[in-house]
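# sequence and computational prediction follow.
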Amino acid sequence: MANAQSAADRMKLLMGFEPKEPDFFEGLDECVTLSKEQRLYGFLFCAALGIFLSLMSSLFIFNLGMFAFFYTLGNIISLFSTAFLVGPYQQLENMFTVHRLAATCIYLFSLVMTLVVVIGLGNAALALICIFIQSLALVWYCLSYIPYARNIVKKTVGACCGVDIEF
């Protein structure tokens, strides 16, 4: 891959074009070169740890602050797990496409706000609201990877609520 890229750069130089400098994230992807096996192990480890922490948070159900902290930490680690499969640059690119932008921003904002509320403010009730928003945003984000899933959910919710939702 690197030889093909350097050959393309040489051709561009011969034709009078300047080679494109990789941006920060493309450079990050190049620095993090893992074999397919290593990527799979990284994904499985982070996914398992994220799920474990999220499930472990239920042990703290009577201490909402600890519950919110471990639940959010588990979600963050689970989110990083998919970067092992596609690479960090591609992960960010996928997350910030137009049809996922709102869900991604709400999800990331709710992750940060949950931690701020738990660690900074110590307000358990507000942390619970942040977790609820976090969960809804994650579901909406995940549905964006399934063709027509969002439309089906909109139509189903609209039918249950007696509202006609336009697509």
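Thanks, I have it.

# pLDDT of whatever helix or strand Ile106 lives in, averaged?
Applying DSSP states H and E as the criterion places Ile106 in helix 101-115. Helix 101-115 carries an average pLDDT of 87.

# please apply the same query to stretch 73-81.
Here the average pLDDT along stretch 73-81 is 86.

# okay, now Leu121: neighbour count?
Leu121 has 12 neighbours, counted by other C-beta atoms under 10 Å. From N, CA and C alone the C-beta is placed, and that goes for glycine too.

# pLDDT score for it?
Taking Leu121 on its own, its pLDDT is 84.

# from Leu59, how far off is the residue positioned nearest the centre of the chain?
Closest residue to the average C-alpha location of the chain: Leu79 at 4.5 Å, with C-alpha atoms, centre = their mean. Distance, Leu79 to Leu59, using C-beta to C-beta, to the nearest Å: 22 Å.

# likewise for Phe70?
8 Å.

# His99 now?
Where Leu59 is concerned, His99 sits at a distance of 37 Å (C-beta to C-beta).

# and these two? which has more neighbours close in?
Leu59 (11 against 8).

# report the contact partners of that one.
For Leu59, the contact set (C-beta atoms under 8 Å, 6 or more residues apart in numbering) is empty.

# and the pLDDT at it?
pLDDT, Leu59: 88.

# low-confidence bits of the protein, can you list those?
The chain contains residues with pLDDT under 70 at 1-32, 164-167.

# what about the helices in it?
2-14, 24-31, 36-56, 64-86, 88-95, 101-115, 124-143, 149-161 (DSSP state H).

# tell me which of those helices is the most buried.
helix 64-86 (a mean of 20; mean count of other C-beta atoms under 10 Å).
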